[in-house]
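Novice: How does the following fold in three dimensions:
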Amino acid sequence: MERDVHCAKNETGFITTIPLSECKELTKPASVEPCSNSSCPPKWKIQAQSPCSVSCGGGLMQREVVCVQEELRSDKVVPNEDCDSTTQPRLTEPCNINPCPPSWTISEAGNCSAVCGHGVVEQKVICVQFHNGSFTRVDENQCTFAEKPANFVECVVDICPLGWDEAQEDSNTDSGTVPSLQTRLGVISKHVYVWSPMISKCSVTCGGGVAAVHYICLAFDTKEKVPEDHCIRTSKPERRLETCNTEMCPARWSFKRDTCSVTCGTGVIRRVLYCARVNGEKEEPVADEECQGLSPPEDHEPCILSPCPARWKTTESEKCSALCGVGIANRTVICIQLQNGLEIKVDESQCVAKEKPASLTPCVVNICRFSWYVTDWTKCSASCGNGVQTRQDFCVNWKTKQQVEPVFCRNFPKPITVQGCYVGPCATEMALQGTLTPGANYSVPAIEMDIQNERLQAVTALPATTTVSPTDFKTSDDTEHLERPYSGNSICGKLFHNASGILNLTSIYTRDCSFSVIRPLGEVITVKVLHSSLNCSQGEFLLFYERLMWRKTCERLLHLSLNSKTNALMIRQLQLAQGHGVVLQYGSKPATKKYHTDCDVQLFEMKGKIVSPVKSHSDMQVCRAFINVAPEHRIIIHVLIFNQVKGLNMSQSNSVLIRDVETQKTVIIHGNYIITWQSTGSRVEIEFHGNFSKEHIVFHAWYLAVSSKNRRT
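Specialist: Below you'll find the model as predicted:
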């Protein structure tokens, strides 16, 4: 609220205005002060409006309407919701409502008369007047002030369809309306360029195919190709595929190919013929009668693959070196290559030298009628400890059961006639058994064993692919009285440690025959059955067993192959009739999976010394000594163990464990001992726990293999 303020003086009740200078020492009151009247209500306000939308015929003006609140002589915009919506002014306002003068207008033109290039198009021309937002048709006389547009005008089609040139020639021969109109309108075709389609050859001659269509720029009059910049680039169509040759194909012979008859070199592919009709991309088989009269294609075709690698080929083996039983035969080994279906001999350098088969192959002739006969072993020459046993051998004709000259058995290994024996410890040995006094001096009796070295009978190793086909293994059935001598052969009860060999078990005379094959630690043994005449229905069988494997079999033994899991394999054959049995080929190779520790040792001699291992690893490591001797033997072990430091006892972590593999019975030795121990079978494992060298512990043991038949009960 405003008020006038001036300088005045009150004189006897009268107010008189005086100059402002006389009030300069006084505080001047404010000329404006607030008042408490209530504010005005919000109201609608038109802020701006647009020009009229048309110059005549009735248009609209757009208006901006806002809600405002008056504050101190100014308007403040507030939300529209604050104003009364019923009093809101209109947003548009009519303007220029006078009708427009009449004018000519052109309706939508029709299609161009040309297929390609220039032509004419008809357009509809009428007189109209615009009023109140719409056009109204009026009499043409009202449009006299303006020139009426032509009803026909020139047009150009710059994207030509397929076959447009033929269509143009046909249209030029007609005397229709369009050419006369062109002439009447004075249409001149100059500098007209069009996109003309070019189509490729159809992908098929029938059955529905596709052809590629692309466009080039042509001069319409001369139909000559010109640079693309003469045409309107934006209107150039994209390359596309058109269907073609959609008519159905006639039936014809077709075929499916088989694989090539060879994997290398030149071979033949067989064709499977059938009658079919092509329908689009599909082939529909039909009855063969629809192809009657048509010549079918060949039912095969050649195929040429990469040249075959050279390989080794063996010829028929020559005469066997043995008169009977297992022998060796020579054969020729050549390097060949398959060329055009023929085997051609080539230089040996083209074949892999490591794969060359041996020129010697095993052979089996009819079962021998002569063999060695042996008597029972004599009684051991010693009453205690170690001694010697002997026996006699004779050459026998098994058909006549009569003794003959030894020359008839010259092709067979001669049995051993002398072997060592052990009949138990003597009194001096028994006195040594018991607990030792630490630090005392002891003398250990030497174990002297005079055992004749036996030659292990086996044929030289041959390739695993060799096959033995004996012609006859039958002999006379009258052999019952010869059962006892069957144990005196060269395979049963033996241990073979050759790298490879051939073992003929058809000419043995022991019904239950066991033997072993052993190799150094780190190797495994491979076995292949070259021949089998076992009668499974009678209970005959072949058994393979070791520490980690056990397999008993009889059926389908021929060409059976197996690998051991360790370096020692035991084999047992049970035959109930003379002449029955198998021929085995064995070999060895490095093991793919480690089955022993680095401090393990393998012993397989008939006698030997056992020493505690010297460890280079953790004290927790367990070292083992494996003892494998020939089957039908047991192992006697003399053990001496004591501490070299007087007064220092052996710790519980240092111990020796001796296990009988056959029965799994175990003896654990702690402290100072002299002990004699014997197994029930031919396999023993000794485990050393702890570090003997660190504890100053001495372990010595001697072992001896003796025949199980000489064991005292």
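Novice: rest of the way, CA atoms for contacts and neighbours
Specialist: Noted.
Novice: show me what contacts Gly267?
Specialist: Cys260, Ser261, Pro302, Cys303, Ile304, Leu305, Asn340, Gly341 (CA atoms under 8 Å, 6 or more residues apart in numbering).
Novice: secondary structure class for the spatially most central residue of the chain?
Specialist: The residue lying closest to the centre of the chain (CA atoms, centre = their mean) is Thr592, at 22.2 Å. Assigned by DSSP: H, G, I helix; E, B strand; the rest coil, the conformation of Thr592 is coil.
Novice: Give me the subset of the contacts of Gly267 that lies in strands.
Specialist: Among the contacts of Gly267, the members falling in strands (DSSP state E) are Cys260, Pro302, Cys303, Ile304.
Novice: how deep is the spatially closest residue to the last one that is not a sequence neighbour tucked in, by neighbour count?
Specialist: When you say that, I think you mean Ile304. Closest residue in space to Ile304, ignoring its immediate chain neighbours: Thr266 at 4.5 Å, by CA to CA, 6 or more residues apart in numbering. For Thr266, the count of nearby residues is 20 (other CA atoms under 10 Å).
Novice: Surely Ile269 touches Asp258?
Specialist: Yes - look at Ile269 against Asp258 with CA atoms under 8 Å: they come within range, at 5.7 Å.
Novice: all helices for the stretch 151-300 of the chain, in order.
Specialist: 164-173, 177-185 (DSSP state H, counting those that start in this stretch).
Novice: picking that back up, pretty sure Glu301 is one of the things the residue nearest to Ile304 touches, is it not?
Specialist: No - counting by CA under 8 Å, Glu301 is not a contact partner of Thr266; they are 10.8 Å apart.
Novice: Give me the helix or strand of this structure that scores worst on average pLDDT.
Specialist: Between all helices and strands in the chain, the lowest mean by mean pLDDT, DSSP states H and E belongs to strand 434-435, at a mean of 42.
Novice: ok, back up a step: Provide a ChimeraX selection command restricted to the buried entries of the contacts of Gly267.
Specialist: Buried residues within those, by 16 or more other CA atoms under 10 Å, are selected in ChimeraX with:
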select :260,303
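Novice: Please identify which of the contacts of Gly267 is nearest to Ser514.
Specialist: Checking the contacts of Gly267 against Ser514 with CA to CA, the nearest one is Ser261 at 48.4 Å.
Novice: So for the nearest residue to Leu162 once chain neighbours are set aside, what's the pLDDT?
Specialist: In this structure, Leu162 finds its nearest non-sequential neighbour in Pro197, 6.0 Å apart by CA to CA, 6+ apart. Note for Pro197: predicted pLDDT of 89.
Novice: For Pro197, the count of nearby residues, please.
Specialist: By the measure other CA under 10 Å, the count of residues near Pro197 is 19.
Novice: Phe626 now?
Specialist: By the criterion of other CA under 10 Å, Phe626 has 18 neighbours.
Novice: Go ahead and confirm Ile518 touches Ala568.
Specialist: Yes - using CA under 8 Å, Ile518 is in contact with Ala568, at 4.3 Å.
Novice: so what's in contact with those two at the same time?
Specialist: Ile525, Asn628.
Novice: How far off centre is stretch 390-406?
Specialist: Centre-to-centre, stretch 390-406 and its host chain are 64 Å apart (CA atoms, centre = their mean, to the nearest Å).
Novice: re the thing from before, gap between the residue nearest to the centre of the chain and Thr27?
Specialist: 118 Å (CA to CA, to the nearest Å).
Novice: Okay, and Arg659 sits in which element?
Specialist: Using DSSP states H and E, Arg659 maps to strand 655-660.
Novice: other SSEs contacting whatever helix or strand comes next after that strand?
Specialist: Proceeding N to C from strand 655-660, the next assigned helix or strand is strand 666-669, under DSSP H and E. With contacts taken as 3 or more CA pairs under 8 Å, 6 or more residues apart in numbering; DSSP states H and E, strand 666-669 sits against strand 655-660.
Novice: List the neighbouring strands of the strand it packs on plus their orientation.
Specialist: strand 666-669 (antiparallel), strand 683-689 (antiparallel) (DSSP bridges).
Novice: Just the buried residues of that strand, please?
Specialist: Ser655, Val656, Ile658, Arg659, Asp660.
Novice: which two in the residues you listed are spaced the farthest apart?
Specialist: Checking those with CA to CA, the most distant pair is Ser655 and Asp660, at 16.7 Å.
Novice: that older thread, pLDDT and distance to Ala701 added to the contacts of Gly267, as TSV?
Specialist: Output for the contacts of Gly267, formatted as TSV (pLDDT from 0 to 100; distance: CA to CA, whole Å):
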residue	pLDDT	distance to Ala701
Cys260	90	68
Ser261	86	67
Pro302	91	75
Cys303	89	72
Ile304	87	70
Leu305	86	67
Asn340	78	69
Gly341	76	68
